[in-house]
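3D model of this:
(chains A and B)
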Amino acid sequence: ETGVTQSPTHLIKTRGQQVTLRCSSQSGHNTVSWYQQALGQGPQFIFQYYREEENGRGNFPPRFSGLQFPNYSSELNVNALELDDSALYLCASSLDPAGVETQYFGPGTRLLVL
Amino acid sequence: GNSVTQMEGPVTLSEEAFLTINCTYTATGYPSLFWYVQYPGEGLQLLLKATKADDKGSNKGFEATYRKETTSFHLEKGSVQVSDSAVYFCALSERGSARQLTFGSGTQLTVLP
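Predicted structure coming up:
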């Protein structure tokens, strides 16, 4: 049984660019949630995907978008990057949308926007 | 809206000392409460949880009791170890179809030998 993996581990972008982050779910999990963790802060919920559809969204602008694939892996896309987008991006997979207790987090992708 | 307020850190303790990290919450409904731990370079790990008032969550010597009357979920451990050094997050989740977690700002714990 593999855990949640994310790629890349680190990346650096400049303001205005676009970025795609990837997440591979825990085996058997059909739900993926994405969180943004700014330095020294707790994670903030971006959105959740269930069976390839967005199933809930936090207070993030539309330039944050996502995809979930038939194998339940997921992507987070951020357009028109801003300096404040610099953060650790975490994905978490779970058995179902209500399965917070069965949610497993990946190690995160650290994004730096210059 | 929902929010979680955590004791500010960092917290530095000697090995075998008693640990308390305070957590209070505000929620519109009747949430489940969690403590997560984040070790350097690793993802968040669920440490313990409680789903209703007066429930006590426990794991690896850590405990927290869901106190509805004081809207609190303080984390305690009787004797900390160097290996407990990490960042601890209190979080809540409301019941619903998309059960997002609302986190506190985290408390850095360093345990010295």
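
Where does the prediction get shaky in chain B?
Residues of chain B that meet the criterion pLDDT under 70 lie in B:96-98.

Residue numbers of chain B in contact with chain A?
Residues of chain B lying close to chain A (C-beta under 8 Å from any C-beta of the partner chain) are B:4, B:6, B:32, B:34, B:41-46, B:49, B:89, B:91, B:93, B:95-106. All C-beta atoms are positioned from the backbone trio N, CA, C, and that covers glycine.

List the contacts of the residue positioned nearest the centre of chain A.
The centroid of chain A falls nearest to residue A:34 when counting by C-alpha atoms, centre = their mean (3.2 Å). By C-beta atoms under 8 Å, 6 or more residues apart in numbering or on different chains, the contact list for residue A:34 reads A:23, A:45, A:46, A:47, A:48, A:66, A:74, A:76, A:89, A:90, A:91, A:92.

Out of those residues, who's the most crowded?
With neighbours taken as other C-beta atoms under 10 Å in any protein chain shown, the top of those is residue A:91, carrying 30 neighbours.

Rebuild the contacts of residue A:34 as a markdown table, extending it with pLDDT and distance to residue B:71.
Formatted as a markdown table, the contacts of residue A:34 follow (pLDDT from 0 to 100; distance: C-beta to C-beta, whole Å):
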| residue | pLDDT | distance to residue B:71 |
| --- | --- | --- |
| A:23 | 97 | 33 |
| A:45 | 95 | 20 |
| A:46 | 97 | 26 |
| A:47 | 95 | 27 |
| A:48 | 94 | 26 |
| A:66 | 96 | 33 |
| A:74 | 96 | 34 |
| A:76 | 98 | 32 |
| A:89 | 97 | 30 |
| A:90 | 96 | 26 |
| A:91 | 95 | 30 |
| A:92 | 94 | 25 |
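
Of these, just say which sits nearest to residue A:38.
Of all these, residue A:89 has the smallest distance to residue A:38: 10.4 Å, by C-beta to C-beta.

I figured the closest one was touching residue A:43, is that so?
No: with contact defined as C-beta atoms under 8 Å, residue A:89 does not reach residue A:43; the gap is 9.2 Å.

what touches both of those two?
Taking C-beta under 8 Å, 6+ apart as the criterion, residue A:89 and residue A:43 both touch A:35, A:36, A:37.

Tell me, how many residues neighbour the closest residue in space to residue B:30 that isn't next to it in sequence?
Spatial nearest neighbour of residue B:30, excluding adjacent residues (C-beta to C-beta, 6 or more residues apart in numbering or on different chains): residue B:95 at 7.2 Å. Number of residues near residue B:95 (other C-beta under 10 Å) recorded here: 12.

returning to what we had before: and the residue nearest to the centre of chain A, helix, strand or coil?
strand (DSSP: H, G, I helix; E, B strand; the rest coil).

list the contacts for residue B:29?
Applying C-beta under 8 Å, 6+ apart, we find residue B:29 in contact with B:94, B:95.

now residue A:105
Going by C-beta under 8 Å, 6+ apart, the list of residues near residue A:105 reads A:4, A:90, A:91, A:92, B:43, B:44, B:45.

For those residues, which two are the farthest from each other?
Farthest pair in the contacts of residue A:105, by C-beta to C-beta: A:91 and B:45, 14.5 Å.

Flag every residue of chain A that's near chain B.
Counting by C-beta under 8 Å from any C-beta, chain A comes close to chain B at A:4, A:33, A:35, A:40-45, A:48, A:50, A:55-56, A:58, A:90, A:92, A:97-101, A:103-108.

Before I go, just wanted to say thanks for your time.
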